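Asker: Can you look at this prediction? I've put the sequence above it.
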Amino acid sequence: MKKVNIILFGIGNVGKTLIEQLLTAKKQWEENSGVSVNVPVIANSTKALLIAEGITENWEKDFKKSAKEYKLEDILDFTKEQDLEHLIAIDATASKEFVEIYIRLIQNGFNLVAANKVANTLSADFYKKIRKELEYHGKHFFYETNVGAGLPIVQTVRGLHQAGEKVTKIRGVFSGSLSFIFNTFSENKEKFSDVLKKAGNLGYTEPDAREDLSGNDVGRKLLILARELQLDKEFQEVKIQSLILEKLNGETSAEEFQKRISELDEIFNQHKKQQDQGHVLRYIGEIEVEKATLEAKLISEPKNTALGQIKGADNIFEIYTESYGDQPLVIQGAGAGAAVTARGVASDVLKLSQRLN
Ligand SMILES: NC(=O)C1=CN([C@@H]2O[C@H](COP(=O)(O)OP(=O)(O)OC[C@H]3O[C@@H](n4cnc5c(N)ncnc54)[C@H](OP(=O)(O)O)[C@@H]3O)[C@@H](O)[C@H]2O)C=CC1
Ligand SMILES: N[C@@H](CC=O)C(=O)O
């Protein structure tokens, strides 16, 4: 039996659900895949719980009682002292600072799985540096949930490209929260700010919802797919239409923004009124491969098209390639939510484990 040791950073919506899924699936993984999963470290932004033999279903109580303030060194020392092998660090944070330690984790023998999109959307130099370090140290990095949550988008785009298929365009709805917001807002009489709150409560938005409303989250996903297609692009080159007022996106804190979201109601009422009969609002992303352009924008879409018909927090990705001709390969399904995202992370962990010797 191959024993893998998970060091989990981030125990919010996704991290919590992942713990539950890993504990529940443990026996099945052992029997069907020969992988025994142990979670000796869980951490939030300030505290970590370290238990060599792994957390149990009492982990929340144990965390409250025994987690201690930590530095990365404490975790590195612990994994060495305890001689933990097959290490996988999971980034289930949304932190821009946390990704700075990826290189040190790789150098200290860790493989990586990330739900956090930040590392793949910093400079092209950093992107290449991570991959160089991974290769040098013989480590792996899986990040399927960076685009489309649990949907198999990254692997499909990468697989097509690596097989020599010419991908010409990718177009679709890349944001689960904006999908939910516009599906609900277009159909119901609810206020925009109430729908936004609902999306947050359902775990669809980023910890700071302005990441979604500013279009940055979609911009990141476009860049991640473009880089899979070996387009040498930077985040600043993505053309992004923001849905948020400058005054709310500037100096305000995330908490202050939450208190002021009703200031968005009037703007979105206007957008709604301007729709033609039988049209709905959609926030879409588009990569034109030949032109090397990446764009995120709000459009008015006829209700009877594939994009117009999506429901709930669905994403839809239309992948146009030479072999598929005029009819794109289409992948559709829930594009946000703790359960689907955690399952995508778990699936990455299992695939990565199968690569470890
Ligand atoms: N929700 C979704 O549908 C999807 C989410 N994702 C990604 O998953 C990630 C997590 O999202 P979600 O669970 O909703 O976020 P939450 O805000 O619910 O949880 C974030 C967790 O990360 C912790 N954290 C923050 N900074 C650090 C740090 N420097 N070191 C260690 N832990 C830290 C937080 O700790 P503390 O409480 O102390 O701040 C918290 O436990 C995000 O990157 C998101 O983009 C990807 C696909 C879909
Ligand atoms: N906030 C994101 C979550 C998944 O990446 C979204 O709304 O799509």
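Answerer: Noted; the coordinates are in hand. Ligands and ions are numbered 1, 2, ... in the order given.
Asker: Contact residues of the stretch 201-350 of the chain facing ligand 1?
Answerer: 203-204, 206-207, 336-337, 341 (C-beta under 6 Å from any ligand atom). Just so you know, the C-beta spots here come from the backbone N, C-alpha and C atoms, and that holds for glycine as well.
Asker: now do 8 Å
Answerer: Neighbours of ligand 1 within the stretch 201-350 of the chain, by C-beta under 8 Å from any ligand atom: 203-207, 211, 217, 313, 335-338, 340-341, 344.
Asker: Can you classify whatever residue of the stretch 1-150 of the chain ends up closest to ligand 2 as helix, strand or coil?
Answerer: Closest residue of the stretch 1-150 of the chain to ligand 2, C-beta to the nearest ligand atom: A149 (5.2 Å). Following DSSP: H, G, I helix; E, B strand; the rest coil, A149 is assigned to coil.
Asker: Okay, helices next: where are they in the stretch 51-200 of the chain?
Answerer: With helices called from DSSP state H, counting those that start in this stretch, the stretch 51-200 of the chain shows them at 59-66, 72-81, 102-107, 124-137, 154-162, 176-187, 192-201.
Asker: out of the residues of the stretch 201-350 of the chain next to ligand 1, which are inside helices?
Answerer: Residues of those located in helices (DSSP state H): 211, 217, 338, 340-341, 344.
Asker: Out of those, which is nearest to ligand 2?
Answerer: When those are compared against ligand 2 (criterion: C-beta to the nearest ligand atom), the nearest one is D217, at 5.2 Å.
Asker: List the residues that contact the residue of the stretch 1-150 of the chain found nearest ligand 1.
Answerer: Going by C-beta to the nearest ligand atom, ligand 1 is nearest to G12 of the stretch 1-150 of the chain, at 1.9 Å. Taking C-beta atoms under 8 Å, 6 or more residues apart in numbering, we find G12 in contact with 44, 92-93, 207.
Asker: Just the buried subset of the residues you listed, please.
Answerer: Taking 16 or more other C-beta atoms under 10 Å as the criterion, what is buried in the contacts of G12 is 44, 92-93.
Asker: Among these, which ones lie close to ligand 1?
Answerer: Applying C-beta under 8 Å from any ligand atom to these, those adjacent to ligand 1 are 44, 92-93.
Asker: pLDDT and distance to I287 added to these, as JSON lines?
Answerer: Converted to JSON lines, these look like this (pLDDT from 0 to 100; distance: C-beta to C-beta, whole Å):
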{"residue": "N44", "pLDDT": "98", "distance to I287": "35"}
{"residue": "A92", "pLDDT": "98", "distance to I287": "27"}
{"residue": "T93", "pLDDT": "98", "distance to I287": "27"}
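Asker: what's the closest of those residues to N188?
Answerer: A92 (31.8 Å; C-beta to C-beta).
Asker: if I pick the closest residue to that closest one other than its chain neighbours, what's in contact with it?
Answerer: Spatial nearest neighbour of A92, chain neighbours left out: G10 (3.3 Å); criterion: C-beta to C-beta, 6 or more residues apart in numbering. Going by C-beta under 8 Å, 6+ apart, G10 touches 43-44, 90-95, 115-116.
Asker: Go again with 10 Å.
Answerer: When contacts are counted by C-beta atoms under 10 Å, 6 or more residues apart in numbering, G10 is found next to 16, 18, 42-45, 90-95, 98, 114-116, 207.
Asker: just those that are near ligand 2?
Answerer: Filtering these for neighbours of ligand 2 using C-beta under 8 Å from any ligand atom leaves A115.
Asker: Now a ChimeraX select for only the buried ones of the contacts of G10.
Answerer: Buried residues among the contacts of G10 (16+ other C-beta under 10 Å), as a ChimeraX selection:
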select :16,18,42,43,44,90,91,92,93,94,98,114,115,116
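Asker: What separation is there between the nearest residue to I267 once chain neighbours are set aside and L213?
Answerer: Once flanking residues are discounted, I267 sits nearest to L245: 7.3 Å by C-beta to C-beta, 6+ apart. In this view, L245 and L213 are 10 Å apart by C-beta to C-beta, to the nearest Å.
Asker: Report how many residues lie close to V157.
Answerer: Around V157 there are 25 other residues, counting by other C-beta atoms under 10 Å.
Asker: Just the pLDDT at the residue nearest to A92, thanks.
Answerer: Looking at G10, its pLDDT reads 98.
Asker: and the stretch 51-200 of the chain, which of its residues are near ligand 2?
Answerer: Residues of the stretch 51-200 of the chain lying near ligand 2 (C-beta under 8 Å from any ligand atom): 115, 117, 145-149, 174-180, 199.
Asker: ok, now with 6 Å
Answerer: Close to ligand 2, as judged by C-beta under 6 Å from any ligand atom, the stretch 51-200 of the chain has residues 149, 175-177.
Asker: of those residues, closest to S262?
Answerer: Closest to S262 out of those is S177 (17.9 Å), distances taken as C-beta to C-beta.
Asker: Grab the nearest non-local neighbour of the closest one.
Answerer: Nearest to S177 is Y204, by C-beta to C-beta, 6+ apart, at 3.9 Å.
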